[in-house]
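[1] show me how the following folds:
(2 chains)
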Amino acid sequence: MAQEQQLRVVLAKLGFDGHDRGIKIVARILRDAGMEVIYLGLRQSYKNVVNAVEQEDADAVGLSMHNASHMTLGPKMVDALAEAGLEVPVIVGGIVPEEDVQPLMDKGVAVILGPGASAEEVAQAVRDSVAAMHATQ
Amino acid sequence: MSLRGLAPAEIFDRAMGGERRALGRLITLVERDAAEAEEVAELAHARAGIAHVIGITGSPGSGKSTLTGQLVKLLGQAGKRAAVLAVDPSSPLTGGAILGDRVRMEDVASPDTFIRSMATRGHQGGLSLAVPGVVRLLDASGYDPIVIETVGVGQVEVDIAGTADTTVVVATPGMGDSVQANKAGLLELADLFVVNKADRPGANDVRRDLDLMLDLSHVSGHDRHSGMRPEIVMTTALSGEGAPEMWTAIERHRDAITDNGQLAARRINRDVAEVRNRLMADLERRVDDMLNGTSIDGVAQVLTAVGQRDLSPTAAAKDLATRINEL
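    Numbers count the residues shown, from 1 in each chain, chains lettered A, B, ... in the order given. Reported below is the predicted structural model:
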């Protein structure tokens, strides 16, 4: 069945970051790309995200970050998922300065999407990072 | 640590042992009707049948999710392991969905609460198979009660009402006049009415209209459960006001139908309905295969004859009906 391929993505903003315009647009983009988006929204903790990934059997986590907390919270999210034994890629979208991109990737973030990313790029990044995660298992 | 590559029975054992990730995976298998789903259903069915299943339904924006959140908060405080199955619509165009019900539940739910979001995936048939399957898994895993939360505007939720032991219909002020309350449909399925947003003007009018409607059901003898009149509870989901009363009313309903034998009868009906849905799905698949495929000789000729007006659709269907078992 075609549904076999349907991806489930948890979208969240961690901590105190109230800019949720972008994440709502990303939710819509992924929905329109045929995915099921489990939308957690604002002020989430790692624990909430880990819970959601477990219970929803999600394939990927998307984090929206606009308050310069990405270097702290991004890697922590990656570690929290790994600690729970969950093999899902973490995709960060939002405002990440160029010099932070590589360090974030080194710490396990799968993809970083900036303000210029098109809808197609966003959806493809999710698909690719899920495929890459499955390939390494 | 990966679940990939584990046999369904192994994942099942882990889920029963309390591993939530394993339960999450099993739900996916059942929801997608994957090859492993049959074995999982077999294992789960033997252990299920314990949990009280509550359906919460109402129009979009009536406050179902927020109410459900308040309910699981209470249940958590009472030391119960509750589960929520939140159903939201898929886009009919792309098949995608935004499932946003956790937003209103996550913060208030106790860590023991299991919340799962489910998309309708565009077809009622699939949902009517998937929902009982997922409920069975949650039940087998020891969650009790199980709350199914779904939007109430069409036929789908009627099916889901059939899955629940207690169906709660959420109404709000401003939904229309008393004529709306008398229209056939969802309202007739309620075991309990909740008038949410009770702090708003008009809430008492809604209550009065529902009351009047129930008076008439009583007269015409259409009560759903052998003369039990559904209660009406007023709530303000945002503040949590009325939520304890709602839970008490749900418990009262459960106790009443347990005592009068309705619960057992409903569950038998529910099982029969599920068998029927399975059979219908299988039949539908066979019919589609017959009409789309080339596996049976002569089908194309019959269809052509209909197109050329040599044969009526009724006669064609009669003819083809005798051949369904060839598939």
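[2] from B:V30, how far off is B:E39?
    10 Å (C-beta to C-beta, to the nearest Å). Bear in mind the C-beta positions are built from the backbone N, C-alpha and C, glycine included.
[3] run a quick neighbour tally on residue 120.
    Looking at chain A here, since you left the chain open. 10 (other C-beta atoms under 10 Å in any protein chain shown).
[4] oops, chain B please
    For B:T120, using other C-beta under 10 Å, the count is 21.
[5] any low-confidence regions in the chain?
    Because you didn't say which chain, this covers chain A. The model of chain A has pLDDT under 70 over residues A:1-4, A:137.
[6] try again with chain B
    B:1, B:122-126, B:152-161, B:176-187, B:218-227, B:294-295, B:327.
[7] thinking again about what came up before, more neighbours: which of B:E39 and B:V30?
    B:V30 (24 against 14).
[8] need phi/psi at the more buried one.
    Note on B:V30: its backbone torsions stand at phi -70, psi -40 [degrees, to the nearest 10].
[9] swap in B:D88?
    Note on B:D88: its backbone torsions stand at phi -130, psi 160 [degrees, to the nearest 10].
[10] what do you get for B:V170?
    According to degrees, to the nearest 10, B:V170 has phi -100, psi 120.
[11] and for B:T236?
    Torsion angles, degrees, to the nearest 10, at B:T236: phi -130, psi 100.
[12] can you pull out the strands in chain A?
    A:8-14, A:36-44, A:60-65, A:90-94, A:111-113 (DSSP state E).
[13] the first one pairs with which strands, parallel or anti?
    Note on strand A:8-14: by DSSP bridges, its sheet partners are strand A:36-44 (parallel), strand A:60-65 (parallel).
[14] save those as TSV, and put in distance to B:K64 and mean neighbour count too.
    Formatted as TSV, these follow (distance: least, C-beta to C-beta, whole Å; neighbours: other C-beta atoms under 10 Å in any protein chain shown):
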stretch	distance to B:K64	mean neighbour count
strand A:36-44	16	23
strand A:60-65	26	26
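[15] can I get those strands in a markdown table including distance to B:D205?
    Formatted as a markdown table, the strands paired with strand A:8-14 follow (distance: least, C-beta to C-beta, whole Å):
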| stretch | distance to B:D205 |
| --- | --- |
| strand A:36-44 | 34 |
| strand A:60-65 | 42 |
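[16] closest to B:V168 out of those strands?
    B:V168 lies closest to strand A:36-44 among these, at 23.9 Å (C-beta to C-beta).
[17] what sits up against the closest one?
    Residues from elsewhere that reach strand A:36-44, judged by C-beta atoms under 8 Å, 6 or more residues apart in numbering or on different chains: A:6-18, A:20, A:23, A:27, A:30-31, A:48-49, A:52, A:56, A:58, B:90, B:96-100, B:102-103, B:106, B:117, B:119.
[18] would you verify that B:I54 is located in a helix?
    No. According to DSSP: H, G, I helix; E, B strand; the rest coil, B:I54 belongs to no helix; its state is strand.
[19] helices or strands up against the helix ranked longest in chain A?
    Determined from DSSP state H, the single longest helix within chain A is helix A:119-135. Packing partners of helix A:119-135 (3 or more C-beta pairs under 8 Å, 6 or more residues apart in numbering or on different chains; DSSP states H and E): helix A:21-32, strand A:60-65, strand A:90-94, strand A:111-113.
[20] let me have these in JSON lines, adding distance to B:D259 as columns.
    Rendered in JSON lines, the data for these read as follows (distance: least, C-beta to C-beta, whole Å):
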{"stretch": "helix A:21-32", "distance to B:D259": "46"}
{"stretch": "strand A:60-65", "distance to B:D259": "47"}
{"stretch": "strand A:90-94", "distance to B:D259": "52"}
{"stretch": "strand A:111-113", "distance to B:D259": "57"}
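[21] so which of the ones you listed is nearest B:G298?
    helix A:21-32 (42.8 Å).
[22] how about the contacts made by residue 8?
    All of this refers to chain A. Going by C-beta under 8 Å, 6+ apart, A:R8 touches A:M35, A:E36, A:V37, A:I38, A:E56, A:D57, A:A58, A:D59, A:A60, B:T28.
[23] try chain B instead
    B:L26, B:L29, B:E36, B:E39, B:V40, B:L43.
[24] if we go to 10 Å?
    Taking C-beta atoms under 10 Å, 6 or more residues apart in numbering or on different chains, we find B:P8 in contact with B:R25, B:L26, B:L29, B:A34, B:A35, B:E36, B:A37, B:E38, B:E39, B:V40, B:E42, B:L43.
[25] run a quick neighbour tally on the closest residue to it other than its chain neighbours.
    Of all residues not flanking B:P8 in the chain, B:E36 sits nearest, at 4.1 Å (C-beta to C-beta, 6 or more residues apart in numbering or on different chains). When neighbours are counted by other C-beta under 10 Å, B:E36 registers 18.
[26] centroid residue for chain A?
    Centroid-nearest residue in chain A, with C-alpha atoms, centre = their mean: A:G62, separated by 1.5 Å.
[27] verify the contact between that residue and A:V9 for me.
    Yes. With contact defined as C-beta atoms under 10 Å, A:G62 counts as touching A:V9 (5.7 Å).
[28] give me the common contacts of those two.
    With C-beta under 10 Å, 6+ apart, A:G62 and A:V9 have common neighbours A:V26, A:A27, A:L30, A:V37, A:Y39, A:P89, A:I91, A:V126.
[29] alpha carbons of the host helix or strand of B:V206, as CSV, please.
    In the assignment (DSSP states H and E), B:V206 maps to helix B:203-220. Taking Å, rounded to 0.1, in the frame of the first residue of the first chain, the C-alpha atoms of helix B:203-220 are listed here in CSV:
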residue,chain,number,x,y,z
ALA,B,203,-25.2,28.2,27.2
ASN,B,204,-28.3,27.7,29.2
ASP,B,205,-30.4,28.0,26.1
VAL,B,206,-28.4,25.1,24.6
ARG,B,207,-29.1,23.1,27.7
ARG,B,208,-32.8,23.8,27.6
ASP,B,209,-33.0,22.8,23.9
LEU,B,210,-31.2,19.6,24.5
ASP,B,211,-33.5,18.9,27.5
LEU,B,212,-36.6,19.5,25.3
MET,B,213,-35.2,17.2,22.7
LEU,B,214,-34.6,14.5,25.2
ASP,B,215,-38.2,14.9,26.5
LEU,B,216,-39.4,14.1,23.1
SER,B,217,-37.1,11.1,22.6
HIS,B,218,-38.6,9.8,25.8
VAL,B,219,-42.1,10.2,24.4
SER,B,220,-41.3,8.5,21.1
